[in-house]
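**Q** sequence and predicted structure are below.
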Amino acid sequence: MVTAIVLSPSLDAAAPAERAAEAVTRSLCALVRASMEGLVRDAIIVGPAADDLAAVADEAGCLHIEANTAREGFALALGRPRAHFVFVLAGGYAPQYGFVEEAADVLNQPSFSGALLRRSPDSLMTRIAPALAQPVGAVARQEALRRAAPRDLSDLIRRLKIRRALTSRADKLV
């Protein structure tokens, strides 16, 4: 079982992102199948007050953490997961079909230390070399995330030294 943390695209931005609430909502909707399959246990939305995410969280039945920076959001959110594993996803992205099965397989491996989810190829370079695609999500153990105290998603990946990438990708929605 996994706790999903969906990060608003407005975190650490100079100004609130346009359509941030829509981006977070679409990412949550993409995780419904994962919830029905038993992979995602609960969800936490992290974002600034200007994004009006409280209504989205209330409607979705998940927790909302108000924070102006990703670092502040991680600090508050990492004390709240109910599951041993945490899936952090950038708002506006949706894991492709096959993510649920692959993530479940990876989490059941005794040597699991973390895995990242990359964006679908969006340029010639990322089609030729998929490893160059931007990471937009990561799965890790809750206690490792707490010890790492990451500033943002890329810092999380760097501090936990996550090298394994899932073969499934995430599509940009908004």
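**A** That came in fine, so what should we check first?
**Q** do a quick rundown of the helices in this protein.
**A** 20-30, 32-36, 54-60, 70-77, 99-107, 124-128, 142-148, 153-160 (DSSP state H).
**Q** adding mean neighbour count, write those out as CSV.
**A** Every C-beta, even on glycine, is put in place using the N, C-alpha and C of the backbone. Below are the helices of the chain laid out as CSV (neighbours: other Cβ atoms under 10 Å):
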stretch, mean neighbour count
helix 20-30, 22
helix 32-36, 14
helix 54-60, 15
helix 70-77, 20
helix 99-107, 17
helix 124-128, 11
helix 142-148, 16
helix 153-160, 18
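**Q** now do the same for Leu156: its pLDDT.
**A** Note for Leu156: predicted pLDDT of 94.
**Q** ok, now Ala17?
**A** So Ala17 comes in at 84 (pLDDT).
**Q** burial count for it?
**A** 22 (other Cβ atoms under 10 Å).
**Q** and it, what does it touch?
**A** Neighbouring residues of Ala17 by Cβ atoms under 8 Å, 6 or more residues apart in numbering: 8-10, 23, 51.
**Q** closest one of those residues to Gln134?
**A** When these are ranked by distance to Gln134 (Cβ to Cβ), Pro9 comes first, at 13.0 Å.
**Q** just give the nearest non-adjacent residue to the closest one, would you?
**A** Nearest in space to Pro9, with sequence neighbours left out and distances taken as Cβ to Cβ, 6 or more residues apart in numbering, is Ala17 at 4.1 Å.
**Q** beta partners of the residue most central in space within the chain?
**A** With distances taken as Cα atoms, centre = their mean, Leu89 lies nearest the centre of the chain, 1.4 Å away. Taking DSSP bridges, one finds Val6, Gly137 as the beta-bridge partners of Leu89.
**Q** gap between it and Asp171?
**A** As judged by Cβ to Cβ, to the nearest Å, Leu89 and Asp171 stand 12 Å apart.
**Q** equivalent analysis for Pro95, please.
**A** For Pro95 relative to Asp171 (Cβ to Cβ), the value is 8 Å.
**Q** neighbour count winner among the two?
**A** Pro95 (24 against 15).
**Q** what sits against the more buried one?
**A** By Cβ under 8 Å, 6+ apart, the residues touching Pro95 are 30-31, 34, 89, 117, 137, 168-170.
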